[in-house]
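Asker: Need coordinates for the below:
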Amino acid sequence: MSIIEAIILGIIQGLTEFLPVSSSGHLELGTYFLGVQSEDNLLFSIILHGATACSTVVIFRKDILEIIKGIFEFEWNESTQFAAMIVLSMIPVGIVGVFFEDQIESFFGGNILLVGTMLLITALFLAFTYFNKKNEGTITFKSSFLIGLAQAIAIMPGISRSGSTISIALLLGINKEKAARFSFLMVLPPILGAMLLKTKDFLENPEIAANISGMNLSVGFLAAFVSGLLACQWMISIVKKGKLIYFAIYCGVV
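Answerer: Reported below is the predicted structural model:
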């Protein structure tokens with residue numbers, strides 16, 4: 001992988017992490033067509049996901065600080081309840097990540113037929129929201145768990161995490177802005193957790209990244225972070241306007 005290829009893939013990740021078109025699927029397509037397939041694809045993907053997680057922290061920094069502040073009031077307040085719902089939403093993806101790690105890694109090997117099939121599923125998720133016009137509800141413990149199930153399914157390359165979680169939230173009648181906010185914040189703990197585990201693996205066994213340079217990881221991270229900042233703000237606006245059907249068409253075409 002060259003530095004230019006790392007930058008291109010970083011930009012792809014940054015844009016597609018927040019837009020409902022599957023960042024993991026587009027990374028698989030990108031690495032396939034650029035001819036940079038290797039056993040380090042999952043490591044590179046996690047690093048880029050970490051960059052977009054940092055973008056989320058920057059965009060939602062006020063929300064995150066309010067949640068942290070509310071938690072340390074040690075009361076069952078709105079912030080504490082929101083944090084508890086975030087934790088609840090993490091359970092499905094945590095179970096999948098812990099018990100099916102080897103199977104997950106096997107999906108990231110340039111299986112374009114798998115990516116294409118999963119993109120069709122993403123298109124269906126997004127298309128269903130077109131027929132749902134009532135979105136006045138709020139996040140509950142039940143809905144947060146159901147949204148968490150959608151996030152667990154989105155481990156598959158080609159199923160959009162933001163697309164599936166926001167679609168499920170909208171189909172449950174949740175307010176559009178609240179759906180987007182919850183979708184983007186709920187991904188932070190799993191991604192940061194995955195980054196910590198991969199960092200631990202790397203420190204214990206450095207040869208797992210023998211085929212990819214630190215420079216490529218760095219420039220990829222930076223490209224994903226900057227493009228993620230732009231895409232996150234754009235996506236919030238798109239969800240408010242209810243324009244997801246266009247992304248359903250895009251995913252179907254791809």
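
Asker: Every contact and neighbour count from this point should use C-alpha atoms.
Answerer: Fine.

Asker: which SS state does G158 fall under?
Answerer: The local conformation at G158, judged by DSSP: H, G, I helix; E, B strand; the rest coil, is coil.

Asker: Report the separation between the residue nearest to it when sequence neighbours are not counted and R61.
Answerer: Take G158 and drop its neighbours on the chain: the residue closest to it by Cα to Cα, 6 or more residues apart in numbering is G25, 3.9 Å away. Distance of G25 to R61, computed by Cα to Cα, to the nearest Å: 28 Å.

Asker: Compare the two and say which is more crowded by neighbours.
Answerer: The neighbour comparison of G25 against R61 (other Cα atoms under 10 Å) goes to G25, with 26 against 13.

Asker: I'd like to know how far the more buried one sits from L88.
Answerer: Counting by Cα to Cα, the gap from G25 to L88 is 26 Å.

Asker: How about V187?
Answerer: V187 is 12 Å from L88, by Cα to Cα.

Asker: Please, which helix or strand holds the nearest residue to Y130 once chain neighbours are set aside?
Answerer: Spatial nearest neighbour of Y130, excluding adjacent residues (Cα to Cα, 6+ apart): I245 at 6.2 Å. I245 is part of helix 244-253 when elements are defined by DSSP states H and E.

Asker: just checking, what packs against that helix?
Answerer: For helix 244-253, the packing partners by 3 or more Cα pairs under 8 Å, 6 or more residues apart in numbering; DSSP states H and E come out as helix 112-128.

Asker: which residues touch the helix it packs on?
Answerer: For helix 112-128, the surrounding residues in contact (Cα atoms under 8 Å, 6 or more residues apart in numbering) are 20-22, 25, 28-29, 156-160, 163-164, 167-168, 171, 244-245, 247-252, 254.

Asker: how does it look with 6 Å?
Answerer: For helix 112-128, contacts defined as Cα atoms under 6 Å, 6 or more residues apart in numbering pick out 25, 157-159, 167, 245, 248, 251-252.

Asker: Stretch 139-147 too?
Answerer: 85, 88-89, 165.

Asker: Next, name the residue at the spatial heart of this structure.
Answerer: R161 (4.7 Å; Cα atoms, centre = their mean).

Asker: per-residue confidence at that one?
Answerer: Predicted confidence (pLDDT) for R161: 85.

Asker: A154 is in contact with that one, correct?
Answerer: Yes. Assessed by Cα atoms under 6 Å, R161 is found in contact with A154 at 4.9 Å.

Asker: give me the number of residues near S160?
Answerer: Neighbour number of S160 under other Cα under 10 Å is 34.

Asker: Would you mind stating the distance between T165 and L88?
Answerer: 14 Å.

Asker: again with K62
Answerer: 22 Å.

Asker: Among the two, which residue is more densely surrounded?
Answerer: Legend: neighbour count by other Cα under 10 Å for K62 and L88, higher for L88 (19 against 11).

Asker: Please name the nearest non-neighbouring residue to the more buried one.
Answerer: F145 (5.9 Å).

Asker: Measure how buried the one you found is and give me the count.
Answerer: 20.

Asker: Mean confidence (pLDDT) on the helix or strand in which it is found, please.
Answerer: Using DSSP H and E, F145 sits within helix 141-153. What helix 141-153 shows for mean pLDDT is 92.

Asker: I appreciate the help and will end here.
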